[in-house]
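Student: The sequence isn't on hand, but the structure is:
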């Protein structure tokens, strides 16, 4: 590598954006990721160079497409695949809440996307493959019901109806690693290549590949599998796997895949709290015609851009959201299907207004919550909230949220005897504690936090006053290694009546996210 070599930075989409799938349409690339219990579902991104990605929408924006009612944390939408065929985009995925696969289509990637088509396909991680002869195949991970062996299954499908046109067949069981899943089928140089994930989506994750002369096999395993893994390494990037391939106009191949960036906590091991993120690496081909991702299956945080047509970065989200639009910006999400009466951008123009319901952040439901992903280890978050609680239990504020059993809050509430108070609370598994309480006179308050790799430091202030430190929480205690699941930390604005509807609305004038 020379000093003039242009490099790009991994991850290319930081924060909780796992299971990436990509397709190319001319000079444009489109990518989708999993969204689990969050709504809208399946964020979709656009890029001209595979490095700089800008979110342009969601594939699932209506409850008729995405039923998350009662969905447990880290269930919901798993491992979508996006493909383009005959002028239409297709996105296929699994709603694990009901363990059903479906696909939607759109003529524009920004949407609107169609109502779901539900094939009779009992699996997860489905993928579509459009062959050169016009046949269309559905591929997925099976072995979850009855005596069906675990492995990768495939059948021919009618795209309009979702009906299978052939029998469901087991085509490959992988190389012996656990959890053979996430299949993608490609036709390259006259051969059918089947790439899958193995090893589980933890530190043993990997991508493996096989090839055949037929879409149904038999598939010959690459003797040099895995073609991507960071297992048993000391790399700052871990759990690489679940990849998808894409070819550039110049003929070169690249791969997108998930990975994590754990923080080493002294005497406590590695923990990651940003979730599984989207990474990028070049693909080279051996003399025997096998693909290799990155440098012999390894990647780095800085990598050579090669022939990528690097474009101007238009991916940055503005630091401050003033809530002046009639719609929420695309980075915001709800927990499960939101209730219309719980939130509004029109009730008080220029504000996001939340009406606290009986539900709290401890419940498996849809509390009055609007959140966005934490995407950087070092960042500062703050919001100006106007809230006038008059009844005991009414509460609104800012949360660091992993799931209903692991979160921190700094909030304004009405306590006993009608006393208005600022509180800082931790919820770590079955243990919770209101750690700090302080009386507060007004109704306008700035709530915020500074995030570092190891710790969140919370603060509050009057709108024009000096900020006051008010509690801290370890990042490791809301990490996947402690909290479990497949998601990442969200910064959320919320309101609740703690068991009953709150009569006092909470209005948020602005929200600021500044990366350090």
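Tutor: That came through, no problem. Predicted, not measured: the structure shown is a model, and the values here were computed from it.
Student: Okay, strands next: where are they in the stretch 101-250 of the chain?
Tutor: In the stretch 101-250 of the chain, the segments counted as strands under DSSP state E, counting those that start in this stretch are 124-130, 136-142, 151-156, 169-172, 181-188, 191-198, 206-212, 220-221, 228-229, 238-247.
Student: and the closest residue to residue 130 other than its chain neighbours, how many neighbours?
Tutor: In space, and not counting its chain neighbours, residue 130 is closest to residue 85: 4.7 Å by C-beta to C-beta, 6 or more residues apart in numbering. (Glycine included, C-beta is placed from N, CA and C.) Residue 85: 14 surrounding residues under other C-beta atoms under 10 Å.
Student: For residue 85, name its beta-bridge partners.
Tutor: Residue 85 forms beta bridges with residue 88, as assigned by DSSP bridges.
Student: Identify the residues contacting it.
Tutor: Residue 85 makes contact with 130, 136, 159 under the criterion C-beta atoms under 8 Å, 6 or more residues apart in numbering.
Student: What's the local residue count around the last one?
Tutor: Read it as residue 159. 18.
Student: going forward can the numbers begin at 83, since that is how I track them
Tutor: In the new count, where the first residue is 83, that last one comes out as residue 241.
Student: and residue 176, bridged to which residues?
Tutor: Beta-bridge pairing of residue 176 under DSSP bridges involves residue 160, residue 183.
Student: Next: residue 489.
Tutor: Judged by DSSP bridges, the bridge partners of residue 489 are residue 483, residue 509.
Student: just the helices in the chain please.
Tutor: 562-565 (DSSP state H).
Student: ok, the lowest-mean-pLDDT helix or strand in it: who's next to it in the sheet?
Tutor: The helix or strand of the chain with the poorest confidence is strand 345-347; it has a mean of 91 (mean pLDDT, DSSP states H and E). If you go by DSSP bridges, strand 345-347 pairs up with strand 351-353 (antiparallel).
Student: in the strand it pairs with, what counts as buried?
Tutor: residue 353 (16 or more other C-beta atoms under 10 Å).
Student: Ok, stretch 429-445 next?
Tutor: For stretch 429-445, by 16+ other C-beta under 10 Å, it's 433-439, 441-443.
Student: now, which of the residues you listed sits nearest residue 357?
Tutor: residue 443 (18.0 Å; C-beta to C-beta).
Student: neighbouring contacts of stretch 245-256?
Tutor: 201-203, 220-221, 224, 231-240, 262, 265, 276, 278, 280, 290, 292, 297-299, 301, 303.
Student: hang on, the earlier thing: now, the most widely separated pair of the buried residues of stretch 429-445?
Tutor: It's 433 and 442 that sit farthest apart of those, by C-beta to C-beta, at 22.4 Å.
Student: so how many other residues sit close to residue 423?
Tutor: By other C-beta under 10 Å, neighbour count at residue 423 equals 10.
Student: Contacts only, for it.
Tutor: Residue 423 touches residue 437, counting by C-beta under 8 Å, 6+ apart.
Student: Same question for residue 266.
Tutor: 103, 163, 209, 211, 221, 276-278, 325-327.
Student: Need the phi and psi values for residue 143.
Tutor: Backbone torsions of residue 143, given as degrees, to the nearest 10, read phi -120, psi 0.
Student: Count the neighbours of it for me.
Tutor: By the criterion of other C-beta under 10 Å, residue 143 has 16 neighbours.
Student: From residue 505, how far off is the residue of the chain most remote from its centre?
Tutor: Each residue of the chain has a distance to the centre, and by C-alpha atoms, centre = their mean the biggest one is for residue 499: 42.3 Å. For residue 499, the distance to residue 505 (C-beta to C-beta, to the nearest Å) stands at 15 Å.
Student: what's the answer for residue 213, then?
Tutor: The value you get for residue 213 to residue 505, if C-beta to C-beta is used, is 59 Å.
Student: out of the two, which sits in the busier spot?
Tutor: residue 505 (20 against 13).
Student: And the pLDDT at that one?
Tutor: We have a pLDDT of 98 for residue 505.
Student: measure it to residue 529 for me?
Tutor: Going from residue 505 to residue 529 by C-beta to C-beta gives 11 Å.
Student: With residue 578 instead?
Tutor: Residue 578 is 15 Å from residue 529, by C-beta to C-beta.
Student: repeat for residue 214
Tutor: Separation of residue 214 from residue 529 (C-beta to C-beta): 57 Å.
Student: So for those two, which sits in the more crowded spot?
Tutor: Between residue 214 and residue 529, counted using other C-beta under 10 Å, the more crowded position is residue 529 (27 against 7).
Student: Please look at the more buried one and residue 467 and confirm they touch.
Tutor: Yes: with contact defined as C-beta atoms under 8 Å, residue 529 reaches residue 467; the gap is 6.1 Å.
Student: shared neighbours, those two?
Tutor: Counting by C-beta under 8 Å, 6+ apart, the shared contacts of residue 529 and residue 467 are 479-480, 494.
Student: what about the residue farthest from the centre of the chain, distance to residue 518?
Tutor: 19 Å.
Student: Sketch out the low-pLDDT regions of the stretch 283-432 of the chain for me.
Tutor: Scanning the stretch 283-432 of the chain for pLDDT under 70 picks out no residues.
Student: Please pick the buried ones from the contacts of stretch 245-256.
Tutor: Using 16+ other C-beta under 10 Å as the burial test, these include 201, 203, 220-221, 224, 232-239, 262, 265, 276, 278, 280, 290, 292, 297-299, 301, 303 as buried.
Student: quick one: contacts for the nearest residue to residue 140 once chain neighbours are set aside?
Tutor: With sequence-adjacent residues excluded and distances taken as C-beta to C-beta, 6+ apart, residue 140 is closest to residue 122, at 3.6 Å. Residues counted as contacts of residue 122 (C-beta under 8 Å, 6+ apart) are 140, 142-143, 148, 415-416.
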